[in-house]
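> Make a model of this:
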Amino acid sequence: MDLEGNDGRERGEDDTNFERQTALFALSTADVLLVNVWCHDIGREQGSGKPLLRTIFQVNLKLFAPEPNRKKTVLLFVIRDKTKTPVNKLVEVLEADLTKMWEGISKPSQYTDSKITDFFDVQYAALSHFDEKFEDFQADCTVLRRRFTDEDYKFGAMALFNP
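Next up is the predicted model:
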């Protein structure tokens with residue numbers, strides 16, 4: 001399901017209530033949340049979706065307690081239009097931002113020392129530019145699709161879209 005980008009013009013300016021509602025809905029129904037991030041927006045405050053991610057983190061704290069056997073929600077960051085910047089460097093920036101955001105949100109006392117990985121399985125994928133490197137884009141999409149359909153891949157038994 002597509003819950004609209006967090007900067008959609010239809011919902012108006014600064015509609016944090018809408019953000020909270022869609023985050024709550026997504027977290028309560030999804031095993032995997034795909035976070036679509038343009039390569040050039042990584043490290044930026046608004047473009048990279050930091051306000052929405054903070055909302056997702058806060059809502060998750062209210063919904064789910066970390067338990068040993070609980071299946072964590074997968075946060076899959078899909079980096080669009082990758083450039084010559086190595087993907088591992090972009091991931092480093094994203095991870096540093098995620099850690100800083102997690103540490104900056106208010107948490108119930110029992111979770112003050114928790115880590116984002118206590119609640120989420122954070123993963124990354126990168127896609128080539130659709131127009132400039134179409135064949136690479138298609139190959140990248142095939143690899144991403146396999147993460148959902150191949151039993152041997154990272155998501156394993158989830159196989160959400162197995163044809």
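> now this protein, which segments are flagged as low pLDDT?
The chain contains residues with pLDDT under 70 at 1-16, 19-20, 23, 45-48, 152-163.
> Show me the longest helix that occurs in it.
helix 87-104 (DSSP state H).
> Report the buried residues of it.
Residues of helix 87-104 classed as buried: 90, 91, 94, 97, 98, 101, 102 (neighbour count, 16 or more other CB atoms under 10 Å). Any C-beta I mention is one placed from the backbone N, CA and C, and that applies to glycine too.
> ok, the residues you listed vs residue 126, which is closest?
residue 90 (7.4 Å; CB to CB).
> got the contact list for that closest one?
39, 42, 79, 82, 126 (CB atoms under 8 Å, 6 or more residues apart in numbering).
> In JSON lines: those, plus secondary structure, neighbour count and distance to residue 139.
Shown next, in JSON lines, are these (DSSP: H, G, I helix; E, B strand; the rest coil; neighbours: other CB atoms under 10 Å; distance: CB to CB, whole Å):
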{"residue": "39", "secondary structure": "helix", "neighbour count": "16", "distance to residue 139": "17"}
{"residue": "42", "secondary structure": "coil", "neighbour count": "19", "distance to residue 139": "22"}
{"residue": "79", "secondary structure": "strand", "neighbour count": "23", "distance to residue 139": "15"}
{"residue": "82", "secondary structure": "coil", "neighbour count": "19", "distance to residue 139": "12"}
{"residue": "126", "secondary structure": "strand", "neighbour count": "21", "distance to residue 139": "12"}
